[in-house]
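Chemist: A predicted structure for the sequence below; I have some questions about it.
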Amino acid sequence: MFPEVANETRDVILGAPGRTVSPNTDAPKGPIMSTYQIPVIDLADLQCTGRAKIGQEIAQACESFGFFQVVNHGVDVNLMHKLREVSKGFFHLPDEEKEQYRKTPDNIQGYAHSNIKAGENKLNLASNDFFYFLSPMSKRREDLWPRDPPEFRQTMRQYAKEAKELAERLLSVMSEMLGLPPETLQVKLQGPTGEATYTIRANFYLPSRTEEIQVGLGCHSDPGGITLLLQDDAPGLQVKFNDEWIPVQPLLDGFCINCGDQIEILSNGRFKSIEHRGMACRDRERMSIPFFYNPAFDHVIAPLEELVDDAHPALYNGATYEHYFFNVFVKRGVGSGKQYIKETRV
Ligand SMILES: O=C(O)CCC(=O)C(=O)O
Ligand SMILES: [Fe+2]
């Protein structure tokens, strides 16, 4: 289905970057402090009187941190809870049972386990993940989804629908804040087929049990469109801003939203795709479940024409997402921060 890529990068295709495999030299020794806070935005009034104000809050967040959290977002909170429950249920199955869902060289959808050890016990982090396509339907393989817990498949189907709808509600208000018709960003990401690529991944980090808190997923910006992150109650997501790491407080009923590289490109640099990383916890498990709403693979993404003029020249070269992904993102390797998007700058 895809050009041959190294094992390490196969994992990340169409989703997020892979694991950190080297000892982590800047792991914090304790809780980190930051002068900044990622805003929490209440979407309760998004479809009525509050839209203009909420839109401004979202735009401000996208123009600075590239990250914000949302509550009252319209996704059923019981469904969010259920997805955490069935995902954890799956990760807690005996290894032999999970093995039957393992990713293979020809199939990037499924389960993977890595036990990363490096240098004098400095890093000893076991992490599990699963990754699945939810759209386009031609790539969705429900037969590869876990059969156990029994409610996994039904929960995933419903979550795919509700998460997509939330992503599209956010894209519509973000389009308006760029001064454009509400459907603009969604239509651009979907391309001529009308089907965006959306995928889900779950990162499950076992306790690091070391004095240092370990990096589970190295510093990166998300290569795609918009990411909706569902977290459990264990903190670990950190956003890099002005050379500080801002910790994001998990909200069980909320989502952490961030703009990926393609939104930075489409908005001609106005909305930022910001570097972040996922940390493990010292003494308990941690799970984060990103839903990625990405462009159709064969569709060219470039700064929106309406946002380019003599005073605002295009800052990025256009490329298909496929080209961007393989020739810019995968080729650079994982954990290289914002290196990818820098290469597409004019
Ligand atoms: O573990 C986390 O919170 C980081 C998740 C993330 O950034 C990703 O999967 O792209
Ligand atoms: Fe990410």
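Modeler: That came through fine. Numbers count the residues shown, from 1 in each chain. Ligands and ions are numbered 1, 2, ... in the order given.
Chemist: How about the stretch 201-346 of the chain: which residue is closest to ligand 1?
Modeler: Nearest to ligand 1 in the stretch 201-346 of the chain, going by CB to the nearest ligand atom, is G278, at a distance of 2.3 Å. (Glycine included, C-beta is placed from N, CA and C.)
Chemist: Could you list the paired strands of the helix or strand containing that residue along with their orientation?
Modeler: Taking DSSP states H and E as the criterion, G278 maps to strand 276-279. When sheet partners are counted by DSSP bridges, strand 276-279 sits next to strand 215-220 (antiparallel), strand 237-241 (antiparallel).
Chemist: can that strand be found next to ligand 2?
Modeler: No: Strand 276-279 stays clear of ligand 2 (CB under 5 Å from the ion), getting no nearer than 5.6 Å.
Chemist: Show the subsequent helix or strand relative to that strand.
Modeler: Per DSSP H and E, the first helix or strand lying C-terminal to strand 276-279 is strand 286-294.
Chemist: partners of that next one, with directions?
Modeler: Sheet pairing of strand 286-294 (DSSP bridges) gives strand 197-205 (antiparallel), strand 226-231 (antiparallel).
Chemist: does Q186 sit in a helix or strand, and which one?
Modeler: helix 184-190.
Chemist: That helix packs against which elements?
Modeler: The contact analysis (3 or more CB pairs under 8 Å, 6 or more residues apart in numbering; DSSP states H and E) places helix 184-190 against helix 152-177, helix 261-266.
Chemist: 10 Å - rerun?
Modeler: Applying 3 or more CB pairs under 10 Å, 6 or more residues apart in numbering; DSSP states H and E, one finds that helix 184-190 contacts helix 152-177, strand 197-205, strand 226-231, helix 261-266, strand 286-294, strand 300-301.
Chemist: residues contacting K240?
Modeler: Each residue near K240 by CB atoms under 10 Å, 6 or more residues apart in numbering is listed here: 65-66, 219, 221, 246, 274-277, 337-338.
Chemist: Quick check: bridge partners of it?
Modeler: W245.
Chemist: picking up where we left off before, with distance to ligand 2 and mean pLDDT added, can I get the strands paired with strand 286-294 in a markdown table?
Modeler: Formatted as a markdown table, these follow (distance: least, CB to the ion, whole Å; pLDDT from 0 to 100):
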| stretch | distance to ligand 2 | mean pLDDT |
| --- | --- | --- |
| strand 197-205 | 9 | 94 |
| strand 226-231 | 6 | 98 |
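Chemist: Find the one among these with the highest mean neighbour count.
Modeler: Mean neighbour count (mean count of other CB atoms under 10 Å) peaks for strand 226-231 among the strands paired with strand 286-294, with a mean of 26.
Chemist: remind me which residues of the stretch 201-346 of the chain are low pLDDT?
Modeler: Applying pLDDT under 70 to the stretch 201-346 of the chain flags the ranges 211-213, 331-337, 339.
Chemist: Now it against ligand 2: closest residue?
Modeler: When scored by CB to the ion, the stretch 201-346 of the chain has D222 as its residue closest to ligand 2, at 4.5 Å.
Chemist: quick check, that residue in a strand?
Modeler: No: counting by DSSP: H, G, I helix; E, B strand; the rest coil, one finds D222 to be coil, located in no strand.
Chemist: Do I have it right that it meets R277?
Modeler: No: counting by CB atoms under 10 Å, D222 stays clear of R277, with 11.7 Å between them.
Chemist: Dump the strands paired with strand 286-294 into JSON lines; add distance to Y324 as well.
Modeler: Converted to JSON lines, the strands paired with strand 286-294 look like this (distance: least, CB to CB, whole Å):
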{"stretch": "strand 197-205", "distance to Y324": "12"}
{"stretch": "strand 226-231", "distance to Y324": "16"}
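Chemist: a markdown table please, covering those and showing distance to ligand 1.
Modeler: Below are the strands paired with strand 286-294 laid out as a markdown table (distance: least, CB to the nearest ligand atom, whole Å):
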| stretch | distance to ligand 1 |
| --- | --- |
| strand 197-205 | 5 |
| strand 226-231 | 6 |
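Chemist: Distance check, G110 against ligand 2.
Modeler: Between G110 and ligand 2 the computed distance is 20 Å (CB to the ion, to the nearest Å).
Chemist: wait, what's in contact with that residue?
Modeler: Residues near G110 by CB under 10 Å, 6+ apart: 98-104, 129-132, 141, 144-146.
Chemist: Quick one: closest of the strands paired with strand 286-294 to L166.
Modeler: strand 226-231 (6.3 Å; CB to CB).
Chemist: Direction-wise, compare the closest one with helix 152-177 and give the angle.
Modeler: If you take axes from the mean of the first three to the mean of the last three CA atoms, to 10 degrees, strand 226-231 sits at 130 degrees to helix 152-177.
Chemist: From the chain's centroid, how far away is strand 226-231?
Modeler: Centre-to-centre, strand 226-231 and its host chain are 6 Å apart (CA atoms, centre = their mean, to the nearest Å).
Chemist: Next: stretch 87-102.
Modeler: Taking CA atoms, centre = their mean, one finds stretch 87-102 lying 22 Å from the centre of the chain it belongs to.
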